[in-house]
Each structure stands twice: as C-alpha cells, then as structure tokens.
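# how would this look folded up:
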Amino acid sequence: MVPRPLPRILSDRGAHLARGRELARTAADSATDILHPLITIARGLRRLVSAGRRRVADTPKDRRGALFLLVASVLLVVLLLPYGPLLATVGLTAAAAWQGRDRAPAAPEGPDESQTRRLRSLYDALVPYFSSAGDPDPLYTHGGSWEKAFPAYEFDGTGRITHLVIAYPAYYTDGEAESRARIEHLLAAKSGRGREYRFAWDEEGNQLTVRVLPPLPAGIAAQRFVTSPGETVLGFTDPAQVRRTLPLVHGGERRDVPPVVWRTGIRSTEPHLLAVGQPGSGISTLLRSVALQALRHGDVVIVDGGGTGEYACLTGRDGVLAVECGLTGVLERLRWAAHETERRLIAANRAHQAGDPPPEDTKRPLWILLDRPGTFTHLATADGREDPRSLLQIPLRHGRPANVTVVVAEQLDSLETLGDAVRQHTRARVVLGSATPEQVTAVLGAPPHTTPLDEVPAGRGYARLGTGPVHRLQVPATPNPYDDTAEDGHRQAVLDLLPARSAQDGARTGPTRKEPERTAPEAGPVRGTPAGTAFPGKHSTEKGPMDPAAADGTVTEPRTAHAADADETPQEPVPLEAAAAESS
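The predicted model follows:
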C-alpha cells in the first residue's frame, strides 16, 4: 500500500513559519525606518521635559513664583501674536529634533595608523607561507594590499588584535598539522604573547579565524554544584563550547558559568578518568574535587601515592572506605575492590535472570581514586609482590555495569608506569599544567585548538570526554584544608563540604555483618574466605564473590580472577555452622 502524502499545510509548515518570520522582520525594519523621525522628536521632548524639571528643582522656592509668572507671560504673548502658536510649534519641534538626535560619536571607518601598521606587519609575515611563484593572481605578495587578505578584524583598547579573519589561497596545505602549527605559532607571536588564541580553520572556504579567548575564572571555590546523580563537574570552560551553565557563587555574587560535566554510571560512555600533569599543576586538587562530589551519592576508596597527606581530611569521613598510602594497605584495598566488582556483577546477573531489579547494594556508586599509582608499582616490583596494576583490570574492564568508577592521576613523566589497561579503559582524559602540544595530543588523542600560556595557573589545562572536542578547563579551587598556605576562604569551603565523621571509623576494615563469637581464634583464615579480602564496603554484606549456594545457608570457596585453582575437583559446600565451628 502506497502511503498517502501529507497535506501541503502540514508538509510545508516549516517553510511557512520561516517565511512568516522573515515577513515580520521586514515589516518591523520598515516601520522603524518610517517612524524614525517621530521617535527622534519624542526622545527630544522627553529630554526637554527632564531639563525643565531640573531647572525648576534647582530654582530656590522663593523665586519659583517669578519664574512661573515669566513663563506664563511668554505663553500669553505667543498666543496673541499672529501665527504665534504655529511658530511656537515649529520651534518646539525643531528643538525636540535637535535634542533627540543620536549623540554617539560616529565610529571611525577603517583602522587607525597604529592598527594599520599591525595589520601590515601580519600581512608581510604571512607572505612567505601563502605565496607561490606559479600563482597568476597572488593574494599575498611583497608590498601588496592587506585589505583582501583580512576581510574582518577587531582591536581592543590597547590596539591589539582580538578577532581576525584571514583569507588564504586554496593551494595551501591546511590539512597538514605541521602547516597549521607554523601559521598558528606565527600569528600568536605577531598578535601579542601572554594571551590564549583560538584558531578555527575553514578548509572549505579557505579562511582562518583567530580569536582571543578571555581568561577562565581561577578563583571559583569548591561548592555544591547543581547536578544530577552520576554527573561530576571537572571544571569550567568557555561558553562557546558548551550549551549548559551552572549557577554558583563567585566573588560574593551569583554567576552562571559553563561547566565540563563528566557523566558516570552504567550508561556512561566514558566510565573512567585519567588525569595527568606536572607537579603542582592541580592534579590533587582535581581528585579532591571529584571525591567531594562523589561522596554525595557513593563510597570512595583513595590510594595516595604521593605520601604528602593531601587526602588526610577525608580519613574517617562518612562514605570514605579507606585512605591508603602504604603498599600493604593498597594491595588489600585494590584486591577487595576487584572482589567487590565481581560480587556486584554476580548479584546483578542473578537479579536479571530472576526478573528482579538489581539489589540496592549494587546501585550505590563505588569510586576508586588513585593518585600516582606508579609509586606502588615500583615498590611492589622491588619487594617481589603482586603488581597493583593487575588488580585494576577487573574494575576498569567491568566497572561500568557494576557502578564502579576508577580515577587515575599520574605525572606526565610517569605515564609508562600506568599499564595498558589504564590507557585502554580511561576514555575521559584531563591534562593540567604546562605541557607541550605534543604531550597534550598524546594524552587526549586530539590537539588543542588554543595556544599554550607562558604562565599556567594551578588547575588550568584541557579536558576531553571520549571522542568529543577538546575543552579548556579550570578546576575549582579545592585545596587541602590543612594547608596553611592556601587561601582561608577556599579552605573553609572544603571543610564545609566534608561529610561528618563516621561513627564506625575504627571498624572500617572489619566486616559489617555480625559474626559468631570466637573463643579460641586460630591464626589461619576461615575456610571459604580467602585471606586479605575481608574489606566490605559500606553496603557490602559479603567478603567476596560467593557461590549461589550461599543463599541456602552454605559457603563455598570463591573463585576470583586473582586466585589460582589448586586442583580441578570442586569443593563440597560447607554449612555456615560448620565454618564457624572450624574457625573456633
């Protein structure tokens, strides 16, 4: 059956609306042109009335009577004279038209002498790059005219270029990165250093647009951002790059600032984050900001490889499962995180097979934040112990469906210590501090479209989420509240965001469920529970991934990705009472 076409009034609705908007715009412009004299006269009358009121207000009260008498006498004489009212009306109209004229000074046409010299200097500098000996009609020649080469330009109050459109010949190799880099470096040097420039190449139209970017706000303190669960604010960027704004307080007033929002969870396309930078670039500040936002809806495990106490303020807080800075504790916590990821996957899979919603303890997000994990890789290799990188493979590969998010922060000169799993599964990337364009491209997978700064403030850098564009980034000021050198207002803002002290601070490393009393504990572990994995989370009720038989009151030997099977024969299920009796 052939579908019938829609009526014309429905199929052409968009065209009718566009045509109607164009007609309305044309009518409004025509009415403005026709009524412009009346608008000018009305504006002048308003100014004359305001001037008369000011004159009356400035006159002393004892002289106002004489002033009113003088005005009345003048009006009477005008009325008695032949053609007096007509002449008075004409004079009043002329005075109103004169007072209502546009008093704004006319903008000068074209650049002044200093601006012309700057444009001429740019044109001469581009001649060797945009000229060719075989071009019959060259756009760039020595001593040529720059008017056709620069169709649009803007200057600031100091005479420096803020916006420039450059036309170049079609044969220029604008598709090559090296050719673009040469032109961008030249324009940044000739237009003035110390500023950030954005370059937009229009390969189809053979035009290059250069725009000076305003500096990003660097003093925004940490605060509760208006976001949904699963959204994390990495920092703030330019308004032209994102369509969303966040209301926040900055400098004692409320502002709307465009953010860089990272979405996590089971439907995230970039479930894990990698942040790199030089020492002092603000990597720890970024991790503290992420941790404070994650604690609103989830639990956090922090691995501090710097050993400087940057995360001591989070120790013992509600939702913070552990803050580890020693190799033994780090291995234990990462091993538990791998087992917890497996447990969540198994529990969610059972619920899906039974047609039930996932258990509540699998819905609460678990965050694993690692600051400089390469330090522990070196220590583990020296001691002949398990590599911490191998323990991150399960959370990285299977963390998204288990609501487990991994954030790794490392220095630029230690990227080779991260391992392939971290590089493959961290699709959200951040680069902070001073870095060359080659280093930024190697981390983000795409070059930045702005020039680097000579002096980069803390927390400044670039961010890229998946295959999206590269954003300029300014991390909110989230200093260590125990650092006396930080600003007092920023330190207090972090203290206000910290969760309350946990009542079970001393019992974080123990099981959360009640276990039977042990009269004579042995040194060996309980059968059915591997040693070193007893670190349940806030909502975890098991020591590791367990067999479905555990629901019937039995415990079986857990099989994890890190435990080698001693034999091929399955173990018999052991009742819970027998396990307790064996451990006593």
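
# quick one: low-confidence ranges for the stretch 451-584 of the chain?
For the stretch 451-584 of the chain, the stretches with pLDDT under 70 are 504-584.

# run the last query once more with 90
451-458, 486, 501-584 (pLDDT under 90).

# quick check: buried residues in stretch 24-43?
Within stretch 24-43, the residues scored as buried using 16 or more other CB atoms under 10 Å are 40, 41, 43. Bear in mind the C-beta positions are built from the backbone N, C-alpha and C, glycine included.

# my error: substitute stretch 221-228 in the last question.
Across stretch 221-228, burial judged by 16+ other CB under 10 Å covers 221, 222, 223, 225, 227.

# pLDDT on stretch 78-92, on average?
Averaging pLDDT along stretch 78-92 gives 85.

# please state the offset of it from the chain centre?
Taking CA atoms, centre = their mean, to the nearest Å, one finds the center of stretch 78-92 at 68 Å from the center of the full chain.

# what lies in contact with that stretch?
Residues outside stretch 78-92 that contact it (CB atoms under 8 Å, 6 or more residues apart in numbering) are residue 77.

# where does the residue found closest to residue 412 once you drop the neighbours it is linked to in the chain land on pLDDT?
Of all residues beyond its chain neighbours, the one nearest residue 412 is residue 276 (5.4 Å), with distances taken as CB to CB, 6 or more residues apart in numbering. pLDDT recorded at residue 276 is 96.

# residue 276 belongs to a helix?
No: using DSSP: H, G, I helix; E, B strand; the rest coil, the assignment for residue 276 is strand, not a helix.

# got the contact list for it?
Counting by CB under 8 Å, 6+ apart, residue 276 touches 283, 409, 410, 411, 412, 415, 429, 430, 431, 432, 443.

# and residue 381, by the same measure?
residue 387.

# past the helix or strand hosting it, which element shows up next along the chain?
Taking DSSP states H and E as the definition, residue 381 sits inside helix 374-383. Once helix 374-383 ends, the next helix or strand along the chain (criterion: DSSP H and E) is helix 388-391.

# so what touches that following helix?
330-331, 334-335, 337-338, 373, 376-377, 380, 418-419, 421-422, 562.

# from these, which has minimum pLDDT?
The pLDDT minimum for these sits at residue 562, where the score is 39.

# any chance you could map the helices in the stretch 101-250 of the chain?
Applying DSSP state H, counting those that start in this stretch to the stretch 101-250 of the chain gives helices spanning 113-130, 177-191.

# for the last one, which positions count as buried?
Meaning helix 177-191. Applying 16+ other CB under 10 Å to helix 177-191 flags 180, 183, 184, 187, 188, 191 as buried.

# next one: the longest one
Residues of helix 113-130 classed as buried under the neighbour-count rule (16+ other CB under 10 Å) are 115, 118, 119, 122, 123, 126, 127, 130.

# over to stretch 54-73?
Buried-residue list, stretch 54-73, by 16+ other CB under 10 Å: empty.

# longest helix of this structure?
Looking across the chain with DSSP state H, the single longest helix is helix 327-354.

# tell me what that helix is packed against?
strand 299-304, strand 320-324, strand 366-371, helix 374-383, helix 388-391, helix 393-398, strand 404-411 (3 or more CB pairs under 8 Å, 6 or more residues apart in numbering; DSSP states H and E).

# just the CA atoms of the fifth one, as PDB, please.
Written as PDB, here are the backbone C-alpha positions of helix 388-391 (Å, rounded to 0.1, in the frame of the first residue of the first chain):
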ATOM      1  CA  PRO A 388      48.800  -3.200  41.800                       C
ATOM      2  CA  ARG A 389      48.100  -2.700  38.100                       C
ATOM      3  CA  SER A 390      46.900  -6.200  37.700                       C
ATOM      4  CA  LEU A 391      44.300  -5.600  40.400                       C
END
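
# run through the residues that contact residue 192.
By CB under 8 Å, 6+ apart, the neighbours of residue 192 are 160, 161.

# okay, now the unreliable bits of the stretch 151-300 of the chain?
156-160, 175, 177-178, 181, 189-196, 214-215, 217-219, 239-243, 249-253, 280.

# quick one: secondary structure of residue 462?
Classified using three-state DSSP, residue 462 is strand.

# give the burial count for it, as a bare number.
Using other CB atoms under 10 Å, the number of residues around residue 462 comes to 25.

# who's in contact with it?
430, 431, 440, 444, 448, 470, 471, 472, 473.

# of those residues, which is the most crowded?
Taking other CB under 10 Å as the neighbour criterion, residue 430 ranks highest of the contacts of residue 462 with 29 neighbours.

# please report how far that one lies from residue 256.
23 Å (CB to CB, to the nearest Å).

# next one: residue 374
Counting by CB to CB, the gap between residue 374 and residue 256 amounts to 39 Å.

# how close does the residue nearest to residue 412 sit to residue 32?
For residue 276, the distance to residue 32 - CB to CB - is 56 Å.

# pretty sure residue 216 is touching residue 474, no?
Yes: contact criterion CB atoms under 8 Å: residue 216 and residue 474 qualify, at 3.9 Å.

# got any residues that touch both of those two?
236, 237, 460.

# which among those gets closest to residue 173?
Set against residue 173, the nearest of those by CB to CB is residue 237 (30.4 Å).

# so what's the residue count around that closest one?
Residue 237: 21 neighbours (other CB under 10 Å).

# could you do residue 286 as well?
By other CB under 10 Å, neighbour count at residue 286 equals 28.

# how deep is the residue nearest to it when sequence neighbours are not counted tucked in, by neighbour count?
Closest residue to residue 286 apart from its sequence neighbours, by CB to CB, 6+ apart: residue 475 at 4.9 Å. The number of residues packed near residue 475 is 32, by other CB under 10 Å.

# let's have the helices and strands packed on helix 327-354 in a markdown table, adding distance to residue 175.
A markdown table is the format used below for the helices and strands packed on helix 327-354 (distance: least, CB to CB, whole Å):
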| stretch | distance to residue 175 |
| --- | --- |
| strand 299-304 | 43 |
| strand 320-324 | 49 |
| strand 366-371 | 39 |
| helix 374-383 | 37 |
| helix 388-391 | 39 |
| helix 393-398 | 35 |
| strand 404-411 | 33 |
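
# minimum distance to residue 349: which of these has it?
Closest among those, using CB to CB: helix 393-398, at 11.2 Å.

# what's in contact with the closest one?
With CB under 8 Å, 6+ apart, helix 393-398 has contacts from 272, 337-338, 341-342, 345, 368, 402, 404, 406, 421-422, 424-426, 561.

# mind giving me the PyMOL select for those residues, buried ones only?
Listed next is the PyMOL selection for buried residues among these, using 16+ other CB under 10 Å:
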select buried, resi 272+337+338+341+342+345+368+402+404+406+421+422+425+426
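
# nearest to residue 481 among the contacts of helix 393-398?
Distances from residue 481 to the contacts of helix 393-398, taken by CB to CB, are shortest for residue 368, at 22.7 Å.

# any buried residues in stretch 129-140, and which?
Within stretch 129-140, the residues scored as buried using 16+ other CB under 10 Å are 130, 131, 139, 140.

# centre of the chain to that stretch, how far?
For stretch 129-140, the distance to the chain centre is 43 Å (CA atoms, centre = their mean).

# just the buried residues of stretch 221-228 now: which is nearest residue 310?
For these, the nearest to residue 310 is residue 222 (14.3 Å; CB to CB).

# contacts only, for that closest one.
Going by CB under 8 Å, 6+ apart, residue 222 touches 288, 289, 292, 476, 477, 478, 490, 493, 494, 497.

# quick check: closest non-adjacent residue to it.
In space, residue 222 comes closest to residue 478 once its chain neighbours are excluded; the distance is 4.2 Å by CB to CB, 6+ apart.

# distance of the one you found from residue 354?
43 Å.

# more neighbours: those two, which one.
residue 478 (28 against 8).

# pull the contacting residues for that one.
For residue 478, the residues meeting the contact criterion (CB under 8 Å, 6+ apart) are 221, 222, 285, 286, 288, 289, 292, 490, 494.

# many thanks, we can stop here.
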